[in-house]
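Mind looking at a prediction? Sequence and model below.
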Amino acid sequence: MDQNTQAVSKVTVPHILERKLQGEKVTCLTAYDYSAARLVDDAGIEMILVGDSLAQTVLGYDSTVPVTVDEMLHHLRAVRRGVQRALLIADMPFGSYHVSDDQALTNAIRFIKEGGAEAVKLEGGTSRAALVKKLVESQIPVMGHIGLTPQSIHTFGGYRVQGRTLDSAAELQADAEALEEAGAFAIVLEGIPRELAAIITRRLRIPTIGIGAGPDCDGQVLVYHDLLGLTFGQTAKFVRSYANLREVIHQALTHFRDDVTQGCYPDESESYHWTSAMREQFEKDATRSS
Ligand code: KIV
């Protein structure tokens, strides 16, 4: 297979696992709508996550907790229409996998069948391992997510880096191993010390995808809005903004406002025109009928 063919071939779960074996880094970004999905896919990012972070970035909630399965599905379908190559992963929102394994399976199946996701992600380690096993046995690939899991904000009492004590580090390592054992194909490590992320990454056969977990993970994920400088308010220490689109958009919008108020938009070239014959005829008819 030549390089060109490789560049457009569909990314699958086995492909993601293979990358770790080959020692190649994996990239993942969130996307919440069609245009973002097109841009992220065209950039060659391997995994696109319709993250529950959309609760904050596009729906304006103050945490990820309130977003519902139906809201997630609405965005997932839009993203699905924009993705050709990347592996598409749907985040299971808070409450969608907490009541029972059957409820979790029903919701995961909705994300796959109705939303077109190819995998789901859920938060939690050892306590979710049995559920992960059940989903995997039902032909649903699962990405785990441990560390600073935002759905646990009320338990943590805020967004706090996890794994800073020996006990919590050992717990997170056990969580990662339990998820691998249960059949997860990758694990997001969020908001944990670099040293712990490196140890977990070395011990696992499946890839770790870091966000605020240092550079030794097998891959990295960022929130689309953070990467592009579209987020309001303070961003976390680990965020690198590769553009300042808020500023670019602000300039464009105020420019439009000024052009319209000063009569500079639209101009001649941006207007449709009659032929001169049509104009003459219309004026003649108008004079006759007046
Ligand atoms: O919802 C999300 O965007 C996420 C990523 C930050 C991993 O869970």
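Right, received. Where do you want to start?

and the residue of the stretch 1-150 of the chain nearest the ligand?
Of all residues in the stretch 1-150 of the chain, Gly51 sits closest to the ligand, at 2.4 Å by CB to the nearest ligand atom. For every residue, glycine as well, the C-beta is placed using N, CA and C.

Tell me the residues of the stretch 101-250 of the chain that contact the ligand?
Applying the criterion CB under 6 Å from any ligand atom, the portion of the stretch 101-250 of the chain that neighbours the ligand consists of His145, Val188, Ile211, Val221, Val223.

Next, format the residues you listed as JSON lines and append secondary structure.
JSON lines is the format used below for those (DSSP: H, G, I helix; E, B strand; the rest coil):
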{"residue": "His145", "secondary structure": "strand"}
{"residue": "Val188", "secondary structure": "strand"}
{"residue": "Ile211", "secondary structure": "strand"}
{"residue": "Val221", "secondary structure": "strand"}
{"residue": "Val223", "secondary structure": "coil"}
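
hmm, which two among those residues are most spread apart?
Maximum pairwise distance in those, criterion CB to CB, is 13.6 Å, between His145 and Val223.

And the two? Which one has more around it.
When neighbours are counted by other CB atoms under 10 Å, His145 and Val223 differ, and His145 comes out ahead with 30 against 23.

quick one: contacts of whichever helix or strand Leu253 is part of?
Counting by DSSP states H and E, the element that carries Leu253 is helix 245-261. For helix 245-261, the surrounding residues in contact (CB atoms under 8 Å, 6 or more residues apart in numbering) are Leu228, Gly229, Leu230, Thr231, Phe232, Cys264, Tyr265.

Can you tell me the centre-most residue of the chain?
Here the mean C-alpha position of the chain is nearest to the C-alpha of Thr30 (CA atoms, centre = their mean), at a distance of 1.6 Å.

Pro193 and Ser168 touch, don't they?
No: the pair Pro193 and Ser168 fails to qualify as a contact (CB atoms under 8 Å) at a distance of 10.3 Å.

still on that earlier bit, for the helix holding Leu253, buried residues please.
When neighbours are counted by 16 or more other CB atoms under 10 Å, the buried residues of helix 245-261 are found to be Leu245.

Now the element after that helix, going C-ward?
Next along the chain after helix 245-261, taking DSSP H and E as the criterion, comes helix 276-289.

Kindly provide the distance from Leu172 to Gly210.
In this structure, Leu172 lies at 13 Å from Gly210, with CB to CB, to the nearest Å as the measure.

what do you get for Ser138?
Computed as CB to CB, the Ser138 to Gly210 distance reads 28 Å.

ditto for Asn107
Separation of Asn107 from Gly210 (CB to CB) stands at 26 Å.

Of these two, which one has the most company?
Under the criterion of other CB under 10 Å, the comparison of Asn107 against Gly210 puts Gly210 first, with 29 against 22.

Grab the nearest non-local neighbour of the more buried one.
Ranked by CB to CB, 6 or more residues apart in numbering and with sequence neighbours excluded, the top spatial neighbour of Gly210 is Cys217, at 3.2 Å.

Now do that neighbour against Ser289, distance only.
For Cys217, the distance to Ser289 equals 77 Å [CB to CB].

Pick out whichever of the two has more residues nearby.
Just comparing Cys217 and Ser289: by other CB under 10 Å the higher neighbour count belongs to Cys217, 24 against 6.

List the contacts of that one.
For Cys217, the residues meeting the contact criterion (CB under 8 Å, 6+ apart) are Leu189, Ala197, Ala198, Thr201, Pro207, Thr208, Ile209, Gly210.

try 7 Å
Shown here is Cys217, whose contacts under the criterion CB atoms under 7 Å, 6 or more residues apart in numbering are Leu189, Ala197, Thr201, Thr208, Ile209, Gly210.

Tell me the secondary structure of Ala104, please.
helix.

tell me the contacts of it?
By CB under 7 Å, 6+ apart, the residues touching Ala104 are Tyr97, Leu131, Leu135.

Which ones among those residues map onto helices?
Leu131, Leu135 (DSSP state H).

Only the buried subset of the contacts of Ala104, as a PyMOL command please.
PyMOL command restricting the contacts of Ala104 to the buried ones, with burial defined by 16+ other CB under 10 Å:
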select buried, resi 97+131+135
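
okay if I get the contacts of Ala104 as CSV plus pLDDT?
As requested, these are arranged in CSV below (pLDDT from 0 to 100):
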residue, pLDDT
Tyr97, 98
Leu131, 98
Leu135, 98
